[in-house]
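Peer 1: structural data only, the sequence is not supplied:
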């Protein structure tokens, strides 16, 4: 399997970023002497010629949306090249290994997958006729990281940009660590990594930033599950990037508890170029936060918001709006809070309709607070069904999801969408219509990425 294109790495959807989950395996394979082809179906058409030529087709599925799309891709692959070995790799491959191996997959890889993928290629070299024996592997060994190989991927112009000061600039995407040391019950990462995380050497991260700056990037997203899992490492990376590229700005993701624990470093991170931080706030309800094992409370969130604002860093919280424990009153109060705290422009409207996802392997399965509402696996849906005990909340969830989807199609002002959702929530609760915010359409907007965050 040494001919160019014998291996095809496929990305389906990675939040609008140039897919690092393809660039890194490509680098590992190239270091081993292979010459894989790549395909990013979020910005490129299905390439029948590449698929026909490949003996191994590896599909990246780091999130639920990517998995849903990846299964459709695998069906097309089977129709074009039925002899190919189809491998799914990533977080959601591990969680759904049984269904995948019973269906479109010959093998499933997860965790620190790159060396394992090279091993799989070598095994197929040794047995060219092998299709696989339902192989599933989760690797958690520390890797020797090469610089990601991005040359064959589509240009940065085709991916998410950073929007700031009325303009859109090219954004790079790197990771300084992988995995996570926490055990939030609704997150897919603990189910695979079990509380482990691995740092990427500073020089490797810097080299990856360097090649994307050369391609035109003026902003970097640190896509680590939590950039502050290793705060000393994170600071070392941020300092090294700033020392070489002092005009470069960046954003990262971190837990609320880390923002509080490392609040003394927030002013330095701002000085190094941090524009905003994404944090999975999830809820303002302390009971929900406890069930999800988030490690913070509403008071903690409010303190983190104050700390980031004091450091002149934007906080972009993400939320799980609908859970079995969401109430109409609580949902309305949450929207009131976003309005009162001037967070409407800091929350992507898709967040108003996010519903708790319970995939196979979720740490929530078996939790006594979820058990009364939990149903079976949705066929082909790769998640467990659950129903809210209040049918009014179920109706509201459907209405909000439809409203935000339609708003996204129209590229609607987020302030208008917020007012629309708030009116739906008031009607569902039998409350008087709220006074609209009527935010000015040409107001200054907080920096953000043009691709909304959701999984």
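Peer 2: Noted; the coordinates are in hand. It should be emphasised that the depicted structure is a prediction, and the values quoted were computed from it without experimental measurement.
Peer 1: residue 67 and residue 78: what is the separation?
Peer 2: 16 Å (C-beta to C-beta, to the nearest Å). Every C-beta, even on glycine, is put in place using the N, C-alpha and C of the backbone.
Peer 1: so the two - more neighbours on which side?
Peer 2: Legend: neighbour count by other C-beta atoms under 10 Å for residue 67 and residue 78, higher for residue 67 (27 against 15).
Peer 1: are we agreed that residue 363 is in a helix?
Peer 2: No: secondary structure assignment (DSSP: H, G, I helix; E, B strand; the rest coil) places residue 363 in coil, not in a helix.
Peer 1: what's the span of stretch 223-237, first residue to last?
Peer 2: Counting by C-alpha to C-alpha, to the nearest Å, you get 13 Å between the two ends of stretch 223-237.
Peer 1: may I ask which helix or strand of the protein has the lowest mean pLDDT?
Peer 2: Here the helix or strand of the chain ranked lowest by mean pLDDT, DSSP states H and E is strand 135-139, holding a mean of 92.
Peer 1: ok, that one: who's next to it in the sheet?
Peer 2: Note on strand 135-139: by DSSP bridges, its sheet partners are strand 107-111 (parallel).
Peer 1: from the chain's centre, how far out does the partner strand sit?
Peer 2: What separates the centre of strand 107-111 from the centre of its chain is 18 Å, taken as C-alpha atoms, centre = their mean, to the nearest Å.
Peer 1: other residues contacting that strand?
Peer 2: Here strand 107-111 makes contact (C-beta atoms under 8 Å, 6 or more residues apart in numbering) with 58, 85-91, 93-94, 97, 100-101, 116-117, 120, 132, 134-140, 179, 192-193.
Peer 1: recalculate using a threshold of 6 Å.
Peer 2: With C-beta atoms under 6 Å, 6 or more residues apart in numbering as the test, strand 107-111 has contacts from 87-89, 93-94, 97, 100, 116, 132, 135-140, 192.
Peer 1: emit the ChimeraX select command for whichever of those residues are buried.
Peer 2: Listed next is the ChimeraX selection for buried residues among the contacts of strand 107-111, using 16 or more other C-beta atoms under 10 Å:
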select :87,88,89,93,94,97,100,116,132,135,136,137,138,192
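Peer 1: share the number of residues neighbouring residue 142, please.
Peer 2: 10.
Peer 1: got the contact list for it?
Peer 2: residue 198.
Peer 1: tell me the SS of it?
Peer 2: coil.
Peer 1: any idea how far residue 197 is from it?
Peer 2: 11 Å.
Peer 1: any low-confidence regions in the stretch 51-200 of the chain?
Peer 2: Counting by pLDDT under 70, the stretch 51-200 of the chain shows low-confidence ranges at 128-134.
Peer 1: please apply the same query to the stretch 201-350 of the chain.
Peer 2: Ranges of the stretch 201-350 of the chain meeting pLDDT under 70: none found.
Peer 1: do the same with the stretch 351-455 of the chain
Peer 2: Short version for the stretch 351-455 of the chain, where the test is pLDDT under 70: 453-455.
Peer 1: got the contact list for residue 218?
Peer 2: Applying C-beta under 6 Å, 6+ apart, the residues near residue 218 are residue 169.
Peer 1: can we see that at 8 Å?
Peer 2: Going by C-beta under 8 Å, 6+ apart, the list of residues near residue 218 reads 162, 169, 170, 171, 247, 248, 249.
Peer 1: which ones among those residues lie within strands?
Peer 2: Using DSSP state E, the members of the contacts of residue 218 that fall within strands are 162, 169, 170, 171, 249.
Peer 1: and the residues you listed, which two are the farthest apart?
Peer 2: Spanning the widest gap among these are 170 and 249, at 11.6 Å by C-beta to C-beta.
Peer 1: overlap in contacts of those two?
Peer 2: Joint contacts of residue 170 and residue 249 (C-beta under 8 Å, 6+ apart) are 162, 218, 219.
Peer 1: quick one: the first one and residue 249 touch, right?
Peer 2: I take that to be residue 162. Yes: counting by C-beta atoms under 8 Å, residue 249 is a contact partner of residue 162 at 7.3 Å.
Peer 1: now the common contact residues for these two.
Peer 2: Residues within reach of residue 162 and of residue 249 at once, by C-beta under 8 Å, 6+ apart, are 218, 219, 275, 447.
Peer 1: who wins on neighbours among these?
Peer 2: Within these, neighbour counts (other C-beta under 10 Å) peak at residue 219, which reaches 24 neighbours.
Peer 1: for the closest residue to residue 216 other than its chain neighbours, give me its contacts.
Peer 2: Nearest residue to residue 216 in three dimensions, chain neighbours excluded: residue 170, at 4.7 Å (C-beta to C-beta, 6 or more residues apart in numbering). With contacts defined as C-beta under 8 Å, 6+ apart, the neighbours of residue 170 are 156, 157, 161, 162, 215, 216, 217, 218, 219.
Peer 1: dump the residue contacts of the third one.
Peer 2: To tie it back to what came earlier, the one meant is residue 161. For residue 161, counting by C-beta under 8 Å, 6+ apart, the contacting residues are 168, 169, 170, 171, 449, 450.
Peer 1: coming back round to it: neighbour count for residue 162 and residue 249, which is higher?
Peer 2: Shown here are residue 162 and residue 249; by other C-beta under 10 Å, residue 162 has more neighbours (24 against 19).
Peer 1: quick check: bridge partners of the more buried one?
Peer 2: residue 169, residue 449.
Peer 1: quick check, residue 21 in a helix?
Peer 2: Yes: counting by three-state DSSP, residue 21 is located in a helix.
Peer 1: apart from its neighbours in sequence, what residue is nearest it?
Peer 2: residue 60 (4.3 Å).
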